[in-house]
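*Asks:* Turn this into a model:
(4 chains)
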Protein chains: 2
Amino acid sequence: MSTDSTMAIGALARATGAKVETIRWYEKVGLLPPPARSTGNYRSYGAPHLARLSFIRRARELGFSLDQVRALLGLAGQPDLPCGAVDAIAREHLAEIDRKIADLQALRGELGSLIDQCGCGTVSDCRIVEALAPRERSPAIASRE
Amino acid sequence: MSTDSTMAIGALARATGAKVETIRWYEKVGLLPPPARSTGNYRSYGAPHLARLSFIRRARELGFSLDQVRALLGLAGQPDLPCGAVDAIAREHLAEIDRKIADLQALRGELGSLIDQCGCGTVSDCRIVEALAPRERSPAIASRE
DNA sequence: GATGCACCCTGTAGCCGCTACAGGGTCAAT
DNA sequence: ATTGACCCTGTAGCGGCTACAGGGTGCATC
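*Replies:* Reported below is the predicted structural model:
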C-alpha cells in the first residue's frame, strides 16, 4: 500500500507545528524515543511518533512542564491504571495557574494605580518613579555619600 | 558622626532583601555601578547604592524586565525630562500583564473543563489523556507502524 | 556530471534572571 | 592560633527552547 507513513523530521515538524530543533531537543531530553534512521542517517518517523509529539505539543500548550508531560506520557501508556494520578497532575497544574493569575492581578492592580496617579509632568514629580525610588538622589540621603 | 553609612555586600543584601549573588550579578550586567573596595578587596556600599538597589528590587517586584529597569533608572536620573517616557514603559508593561492574564485565563478554562469531565475511572477512558492524545496507541493508527 | 537548492546531520552557544557551587582570601573574636 | 562568619572570583546550571556554524544528502535541472 502507499500508506507507508514514515517521514523525515521536517515533515513531522510541519505535521505537528513543532520546530525541527525542538523535536531534536525532545529526543535529547528523552521525551521522544530516537527514531530509526534512513541510509543517509536521516531520522525516520512513523505514526506513533506523530501521536506522541502531538500529545506533547498539546500538553505544552496547556502549560504543563516537561516533567509533567513526561509523567502524563508515562501514565497514558498504562491504560488500565485508575486515572487519579492524571487528575492529580492536572489539578496541581490548575492550582498553579490560579496562583499565577492571582499574582498577576495583584501586580496589575498596583501598577495600574501607579499609572493612574501619574500627572505626566516631569520625571521628578512622576508618581511611578517616586514609588520606585524612595528619595533616591534627594539631598537628604544621596549627598551623604 | 557615627553615620558613616557604608556597608559590605551582606549588609546591603539584608537591607534590601536581595541575595548576595544577585547583587554581584546586577553589578556584572551594569545595573549597579561597581562600588569602592575596602583594603581587603571587599565591596563597600553607601546610601546611593542602597537606594538604587531598592529601586531595582521594587521594579522587579512589579514585574519589569531588567531592560525596562535599566530604562527606568536612566530616566529617573534626569528629573527635568517629561515623564511620558516613564509612563510609556509602565503602560507597555501593564499591557503585557493583561495579555498574560488573558492567556492564563483561557488556559484555565480549557484545563478546568477537561478536569471536570474526568469521571476518574481508568486512564484509558480519562478525558484528560484522551484530549491530549488523540488515538495514540489505538489500533486504528498506532499499529500501522 | 555538474550545479543548485532544500533538506538533513552534529555540536555549541545564547536567551532571562538568577542560583549554586568550588576553591580560595579576610576579619574579628576567643 | 584557631575558629567561624563573612567576602572574593569564576564557572556551571535551571527551563525550554532557539540560533547558529560547518558540514553531508537527495533530487531536479541543465
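
*Asks:* Count residues in the vicinity of A:Gly112, would you?
*Replies:* Using other CB atoms under 10 Å in any protein chain shown, A:Gly112 has 15 other residues around it. (C-beta placed from N, C-alpha, C; glycine too.)

*Asks:* Those residues of chain A touching DNA strand D, which are they?
*Replies:* A:19, A:21-22, A:25, A:38-42, A:60, A:65-67 (CB under 7 Å from any atom of the strand).

*Asks:* can you tell me which of the residues you listed are in helices?
*Replies:* A:21-22, A:25, A:60, A:66-67 (DSSP state H).

*Asks:* Buried among those residues? Need that as a selection in ChimeraX.
*Replies:* ChimeraX command restricting these to the buried ones, with burial defined by 16 or more other CB atoms under 10 Å in any protein chain shown:
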select /A:22,60
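
*Asks:* Which member of the ones in helices among the residues of chain A next to DNA strand D is positioned nearest A:Gln117?
*Replies:* A:Arg60 (39.6 Å; CB to CB).

*Asks:* How about the contacts made by the nearest residue to A:Arg57 once chain neighbours are set aside?
*Replies:* Excluding its sequence neighbours, the residue lying closest to A:Arg57 (CB to CB, 6 or more residues apart in numbering or on different chains) is A:Thr16, at 5.5 Å. Contacts for A:Thr16 (CB atoms under 8 Å, 6 or more residues apart in numbering or on different chains) come out as A:50, A:53-54, A:57.

*Asks:* ok, A:Thr16 to A:Phe64 distance?
*Replies:* 16 Å (CB to CB, to the nearest Å).

*Asks:* same thing with A:Ala8?
*Replies:* 28 Å.

*Asks:* ditto for A:Ala106
*Replies:* 24 Å.

*Asks:* Ok, A:Leu107 next?
*Replies:* 24 Å.

*Asks:* between those two, who's got more neighbours?
*Replies:* Remark: of A:Leu107 and A:Phe64, A:Phe64 carries more neighbours, 22 against 18, as counted by other CB under 10 Å.

*Asks:* Just the local confidence number for the residue nearest to that one when sequence neighbours are not counted, please.
*Replies:* Excluding its sequence neighbours, the residue lying closest to A:Phe64 (CB to CB, 6+ apart) is A:His93, at 5.8 Å. A:His93 carries a pLDDT value of 96.

*Asks:* quick one: low-confidence parts of chain A?
*Replies:* A:1-4, A:133-145 (pLDDT under 70).
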